[in-house]
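Undergrad: pasting the sequence and the predicted model now:
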Amino acid sequence: MKKLSLTLLTFLLFLSPNLVLSETFYDLVVRDGLYYKKFSDVPFSGVTTGNEQGTIKNGIREGVWITYHPNGQLKSKGNYKNGKTDGSWVYNYEIGVMD
């Protein structure tokens with residue numbers, strides 16, 4: 001019975017339209033200053049992946065955000081509070097060969 005309950009709970013979590021595990025930041029769109037999944041009218045809440053990683057709550061950036069250069073090096077790291085930068089940030093410039 002316990003195994004059946006766990007299986008059913010797992011199945012329901014994956015079918016829930018409001019549950020978002022992660023989304024690539026560049027797949028989101030901005031409308032009126034809030035982030036949305038494409039073709040959605042509900043502000044996005046969840047974790048972003050890819051070159052910009054962080055948490056968005058109700059369409060607003062919140063908490064630690066990390067961005068990477070295309071070569072994988074750290075670009076910036078800092079915090080957002082209520083959608084605005086908060087506290088100290090670290091910035092690293094991409095070093096490479098210029099042609």
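TA: Yes, it's here.

Undergrad: only C-alpha atoms from now on, for both contacts and neighbour counts.
TA: Noted.

Undergrad: any buried residues in whatever helix or strand Gly87 lives in, and which?
TA: Assessed by DSSP states H and E, Gly87 sits inside strand 84-91. Buried residues in strand 84-91, counted by 16 or more other CA atoms under 10 Å: Thr85.

Undergrad: just checking, what packs against it?
TA: Where contact means 3 or more CA pairs under 8 Å, 6 or more residues apart in numbering; DSSP states H and E, strand 84-91 is packed against strand 74-81.

Undergrad: quick check: buried residues in the strand it packs on?
TA: Neighbour-count burial for strand 74-81 [16+ other CA under 10 Å]: Leu74, Lys75, Ser76, Lys77, Gly78, Asn79, Tyr80.

Undergrad: give the next helix or strand downstream of the lowest-mean-pLDDT helix or strand in the chain.
TA: Within the chain, no helix or strand scores below helix 2-15, which has a mean of 53 by mean pLDDT, DSSP states H and E. Under the assignment DSSP H and E, the closest C-terminal helix or strand after helix 2-15 is strand 22-24.

Undergrad: check which residues of that following strand are buried.
TA: For strand 22-24, burial by neighbour count (16+ other CA under 10 Å) applies to Glu23.

Undergrad: repeat that for stretch 39-56.
TA: Residues of stretch 39-56 classed as buried by neighbour count (16+ other CA under 10 Å): 43-49, 51-56.

Undergrad: nearest to Glu94, of those residues?
TA: Using CA to CA, Asn51 comes nearest to Glu94 of those, at 13.6 Å.

Undergrad: could you look up the SS state of the residue lying closest to Gln73 once chain neighbours are set aside?
TA: Excluding the flanking residues, the one nearest Gln73 by CA to CA, 6 or more residues apart in numbering is Glu94, at 7.2 Å. Classification of Glu94 by DSSP: H, G, I helix; E, B strand; the rest coil places it in coil.

Undergrad: Glu94 reaches Lys75, doesn't it?
TA: Yes - using CA atoms under 8 Å as the test, Glu94 is close enough to Lys75 to be in contact (7.3 Å).
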